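**Q** any chance you could fold what I've pasted below:
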Amino acid sequence: MLIPITENQATIEGLLKRAPLPLWLLTMGIVGPIMEELTFRGVLMDYFFQPRAGWLAILVSGTLFGLIHQTKTVYEWLVYAGMGWVLATAYWLTKTIFVPIMIHILNNCGSLFQLTTNVSNIQVFWGAVIGLVIVVSVWSFWRWRVSQQARDIGESIK
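**A** So this is what the prediction gives:
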């Protein structure tokens, strides 16, 4: 194994053996990421910080995200806090909750996929990178299309 697993991940592995995979995909792969992103990026970053707070909001959001994942070592905390900082930065840069939700879903579903197959960490990593590129590309195209439509509407009003 290239990257050691966290205790949280080990607990998930143990629980996975006792519940059906579709239930895990729904709860940990989809619902969990949506709820965590709405909480840590949507509510925390929008409600408690001014839009100009930027890096402070990112730092606090990621730090708290790391703490709620029941880590026991600094390494484990850094794994989750680092992911929280990445998700918070994605939210701050894109100004939409959709992108960090999709990144989080890709991450969690990739982890679940890895736990239920013989796929290595590095294969899941590259799968996540490809998934992230797809998500950002779709989001960018959507933003571009919306801006084009707004421009067309503005021109038709003149």
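**Q** spatially nearest residue to the spatially most central residue of the chain, not counting backbone neighbours?
**A** Residue closest to the average C-alpha location in the chain (C-alpha atoms, centre = their mean): His104, at 2.3 Å. Distances taken as C-beta to C-beta, 6 or more residues apart in numbering put Pro33 closest to His104, at 3.6 Å, once the chain neighbours are dropped. From N, CA and C alone the C-beta is placed, and that goes for glycine too.
**Q** okay, and the one you found sits in which element?
**A** For Pro33, the host element (DSSP states H and E) is helix 32-37.
**Q** from the contact counts, what lies against the following helix or strand past that helix?
**A** Downstream of helix 32-37, the first helix or strand assigned by DSSP H and E is helix 44-47. The contact analysis (3 or more C-beta pairs under 8 Å, 6 or more residues apart in numbering; DSSP states H and E) places helix 44-47 against helix 55-67, helix 74-94.
**Q** neighbouring contacts of the longest one?
**A** Outside helix 74-94, the residues that touch it by C-beta atoms under 8 Å, 6 or more residues apart in numbering are 4, 6-8, 37, 40-41, 45, 54, 57-59, 61-67, 69, 71, 97, 99-100, 103-104, 107, 139.
**Q** ok, now with 7 Å
**A** 6-7, 37, 40-41, 45, 54, 57-58, 61-63, 65-66, 69, 71, 97, 99-100, 103-104, 107, 139 (C-beta atoms under 7 Å, 6 or more residues apart in numbering).
**Q** cool, the first one as well?
**A** Where contact means C-beta under 7 Å, 6+ apart, the residues beyond helix 55-67 that reach it are 40-41, 44-45, 49, 77, 80-81, 84-85, 88-89, 92.
**Q** whichever helix in the chain runs longest to helix 74-94, inter-axis angle?
**A** When the chain is parsed with DSSP state H, its longest helix is helix 121-157. Relative orientation of helix 121-157 and helix 74-94, computed by axes from the mean of the first three to the mean of the last three C-alpha atoms, to 10 degrees: 20 degrees.
**Q** what's the angle from the helix or strand of the chain with the lowest mean pLDDT to helix 74-94?
**A** Using mean pLDDT, DSSP states H and E, helix 7-16 stands out as the lowest-scoring helix or strand of the chain, at a mean of 72. Orientation check (the same axes, to 10 degrees): helix 7-16 against helix 74-94 gives 90 degrees.
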